[in-house]
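1. Kindly return the folded structure for what I paste below:
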Amino acid sequence: MKRKIAVIGAGVIGLTAALKIQKEYGENIVVTIYTADKSPNTTGDVAAGLWAPHLVQDTPEDKILKWAKETQDFFWKLWKDGYALDAGISLQPVVNLLCDDTSIPKWSTIAIGCNEIKGKELERFKNDHKIPYTGGFTFTSFTCESTKFLPFLENIFINNGGQIKIKKIENFSQLKDYDVIINCTGIYSKILMSDNSVKAIRGQILRVEASWQFHTVIDDSDDGCYIIPNANCVILGGTHQLDDEDTKPRIEDATRIIKGCKQMIPSLHEAKVLRHQAGLRPGRDQIRLELTTINLGNKLVPVIHNYGHGGSGVTLCYGCAGEVVDLVKIALTKSKL
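-> Now for the predicted structure:
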């Protein structure tokens, strides 16, 4: 008899986990995704989708490096195999500038073509932007736009025999008939799991029309801004306001973002504003990726938690999905004993 797995959540974390499970088990397993909503109404649909670890709090660096590299390899394969347009994947240069003597992050060692910015080049950026940078680095990265990427993953999942059910899961007892449950509910885990370590990290952006802007620029200081091109617009950001659950765009935030981005790239004075957006990243002291069990009626059901990715859902999704598969193997082996 086929084993049944339920995945809660249809964002980038839930969809990649579901696909990776399908790839591992094929017809020997049935995977069903439960979600209160799906693209274009997920948290990820607000994001710029840049591959670069961000707001991962105290998650161990070795895990970040592993998950980020596996996800980067996944994007590389899609891009090289001709799926870039359908999946919303672009490859572009990134300039990441640092302040306050912040060191270059360790994940830069796996970034494509990474080079340090120093000397006269650093002075040029300091003078052009009128910001006292203390360092920086350049690399090539992917943007993965959720408004295309999530439907792309959904179609593959459904074509593989998966089902997506629009239903809000308020208690795991609703899924008592499944052999394994995968919890990919992001910020909703604060309620579903009563996990008070989950806190919203509010992010506000603007989408503008600036067809001449082809590279990403990031000011990594506490109040810094960023400019990230997507296929049909350029995203100006942003904020990272901890424990703030307001999804309505604020004038004061938009004003600061516009001012900061135009200071770095003056040509943005000519950019037409298309849309203001705000979303909530699922912040946590550490990403939770572990196997637990829960008593549902007369049986113990394995529950694998995969949430709390901060601003790195796109960056870490496929690597985390691989670890979910490893935990599913353990859960199914134990359930046979």
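2. Helix or strand: which one has the closest residue to residue 39 other than its chain neighbours?
-> Distances taken as CB to CB, 6 or more residues apart in numbering place residue 150 nearest to residue 39, at 3.7 Å, with adjacent residues excluded. Every C-beta, even on glycine, is put in place using the N, C-alpha and C of the backbone. Assigned by DSSP states H and E, residue 150 belongs to helix 146-159.
3. about what we covered before: what about the residue nearest to residue 39, how many residues nearby?
-> Other residues lying near residue 150 total 24 when counted by other CB atoms under 10 Å.
4. Quick check: it vs residue 43, distance?
-> For residue 150, the distance to residue 43 (CB to CB, to the nearest Å) stands at 11 Å.
5. Report the set of residues contacting both of those two.
-> Common neighbours of residue 150 and residue 43 (criterion: CB atoms under 8 Å, 6 or more residues apart in numbering): residue 11.
6. related to what we said a few turns ago, dump the residue contacts of the residue nearest to residue 39.
-> Contact partners of residue 150, counting by CB under 8 Å, 6+ apart, are 10-12, 15, 38-40, 42, 44-45.
7. re the thing from before, after the helix holding residue 150, which helix or strand is next?
-> Sequence-wise, the next helix or strand downstream of helix 146-159 (DSSP H and E) is strand 163-166.
8. got a list of contacts for the next helix or strand after that next one?
-> Sequence order places strand 180-183 as the next helix or strand after strand 163-166, per DSSP H and E. Identification of contacts with strand 180-183 by CB under 8 Å, 6+ apart yields 3, 5-9, 14, 17-18, 21, 172, 175, 189, 192-193, 294, 301-307, 324, 328, 331-332, 335.
9. again, only using 6 Å
-> Here strand 180-183 makes contact (CB atoms under 6 Å, 6 or more residues apart in numbering) with 5-8, 17, 175, 302-305, 328, 331.
10. Buried residues in stretch 199-209, which are they?
-> 199-208 (16 or more other CB atoms under 10 Å).
11. Could you do stretch 235-244 as well?
-> For stretch 235-244, by 16+ other CB under 10 Å, it's 235-241, 244.
12. Stretch 208-222 now?
-> So, applying 16+ other CB under 10 Å, buried residues of stretch 208-222: 208, 210, 213, 216-221.
13. immediately after the helix or strand containing residue 306, which helix or strand?
-> Secondary structure assignment for residue 306, by DSSP H and E: strand 299-307. As assigned by DSSP H and E, the chain's next helix or strand after strand 299-307 is helix 313-336.
14. can you give me the strands for the stretch 151-300 of the chain?
-> Taking DSSP state E, counting those that start in this stretch, the strands of the stretch 151-300 of the chain run over residues 163-166, 180-183, 199-209, 216-219, 226-229, 234-237, 241-242, 272-283, 288-296, 299-307.
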